[in-house]
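[1] Quick one, structure for this:
(one chain, ligands or ions: 1)
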Amino acid sequence: MCACVLGYDRSVLTDEAPTRDREALLVEFLAGIDEDAVARRYREDDGLIVLPSLLPAALVDEMAAEARALAPTAYRKRVPFVRKAAAVHHHPIAALAPAMHALHQSPSLIAFFSRVTGVSLAHRDPGEAHASALYVYDEEGDWMDWHFDECGCPPGDSFSTVIGLIDDSSSRLEVETRREPASAPTRAASIHTTPGTFVFFCGARGYHRVTPLGAGEVRMTFAFTYIREGRSPGGIYDARLRLGNALIYFGLGHLFRR
Ligand SMILES: [Fe+2]
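    Residues are numbered from 1 along each chain as shown. Have a look, this model is predicted:
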């Protein structure tokens, strides 16, 4: 029987462990985190949280193996002055990368960040290509220019996560928590996304970029977005979301696809 599904070779991926095992790992790990300190940091640093090792090592290892297996299938895109890198969209991740998908869907993780932010958080529509994504930087000069995350929701209603899986690079994720108004206090960080690093910020107002990759380096991150409960893309936001998915990340096939 063919092990290939939608062009992705399932045989190179990790065996599926029961989702509850991964969730149990996360529950146990989150119980050991000083949640009050993380919430304090979130308030003091203008909505930016950088945790060098939020996640259990076993889960990080499993996600890194999934990233290596999916990377050859990533869609490479070069948009002059904007971005050069490859990406795998949500649907193959949901089908073929059980550890990444378990983290994205984790009830304990979304509850943790809902408590930390004081905002009732929800997942994006699973039909969206960008509901979660694996980003692959593996050619010299791969980068992403300064941008806000286009979540298809009004600013202030989306929260981005970036999880380091593989990173031996000199490339950095740089974040400024806000740029407007110019007089507003802001926090800035330059982050080496080593395996297990967990970055959380308000993506629709947090300005961020990925600096260019050096020769022979590799950087892979898994990312997903939480949105404020009850919000969903609509009107101009939905159109911009689809356009961004198609032109910058996953190709024109995603312009009209749900
Ligand atoms: Fe982004």
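[2] Could you pull up the contacting residues of R209?
    Neighbouring residues of R209 by CB atoms under 8 Å, 6 or more residues apart in numbering: 143-147, 173-174. In this view, the C-beta of every residue, glycine as well, is placed from N, C-alpha and C.
[3] Name whatever forms a beta bridge with it.
    Assessed by DSSP bridges, R209 has beta-bridge partners E174.
[4] Output the contacts of R209 as TSV; include the columns distance to G230, neighbour count and pLDDT.
    What follows is the contacts of R209, written out as TSV (distance: CB to CB, whole Å; neighbours: other CB atoms under 10 Å; pLDDT from 0 to 100):
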residue	distance to G230	neighbour count	pLDDT
W143	35	15	98
M144	30	21	95
D145	32	13	95
W146	30	12	94
H147	26	16	89
L173	29	22	97
E174	32	15	96
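[5] a markdown table for those, including distance to F112 and secondary structure?
    A markdown table is the format used below for these (distance: CB to CB, whole Å; DSSP: H, G, I helix; E, B strand; the rest coil):
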| residue | distance to F112 | secondary structure |
| --- | --- | --- |
| W143 | 31 | strand |
| M144 | 27 | strand |
| D145 | 31 | strand |
| W146 | 29 | strand |
| H147 | 26 | strand |
| L173 | 21 | strand |
| E174 | 25 | strand |
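[6] Can you tell me which of these lies closest to A58?
    Taking CB to CB as the measure, A58 lies nearest L173 of the contacts of R209, at 24.0 Å.
[7] Which residue comes closest to the closest one once chain neighbours are left out?
    Among residues not flanking L173 along the chain, I191 sits closest, at 4.5 Å (CB to CB, 6 or more residues apart in numbering).
[8] what does Y249 give?
    Nearest residue to Y249, sequence neighbours excluded (CB to CB, 6+ apart): A87, at 5.1 Å.
[9] Can you give the contact residues for the helix or strand containing that neighbour?
    Per DSSP states H and E, A87 falls inside strand 83-88. Applying CB under 8 Å, 6+ apart, the contact partners of strand 83-88 are 70-71, 73-78, 133-139, 141-145, 210, 248-250.
[10] now the strands for the chain?
    Using DSSP state E, the strands of the chain run over residues 4-5, 8-9, 49-51, 75-79, 83-88, 121-123, 132-137, 143-147, 158-167, 173-176, 188-191, 198-201, 207-210, 219-228.
[11] I'd like those strands as JSON lines, with distance to V38 appended.
    Shown next, in JSON lines, are those (distance: least, CB to CB, whole Å):
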{"stretch": "strand 4-5", "distance to V38": "38"}
{"stretch": "strand 8-9", "distance to V38": "35"}
{"stretch": "strand 49-51", "distance to V38": "6"}
{"stretch": "strand 75-79", "distance to V38": "34"}
{"stretch": "strand 83-88", "distance to V38": "28"}
{"stretch": "strand 121-123", "distance to V38": "15"}
{"stretch": "strand 132-137", "distance to V38": "22"}
{"stretch": "strand 143-147", "distance to V38": "26"}
{"stretch": "strand 158-167", "distance to V38": "13"}
{"stretch": "strand 173-176", "distance to V38": "17"}
{"stretch": "strand 188-191", "distance to V38": "15"}
{"stretch": "strand 198-201", "distance to V38": "9"}
{"stretch": "strand 207-210", "distance to V38": "20"}
{"stretch": "strand 219-228", "distance to V38": "15"}
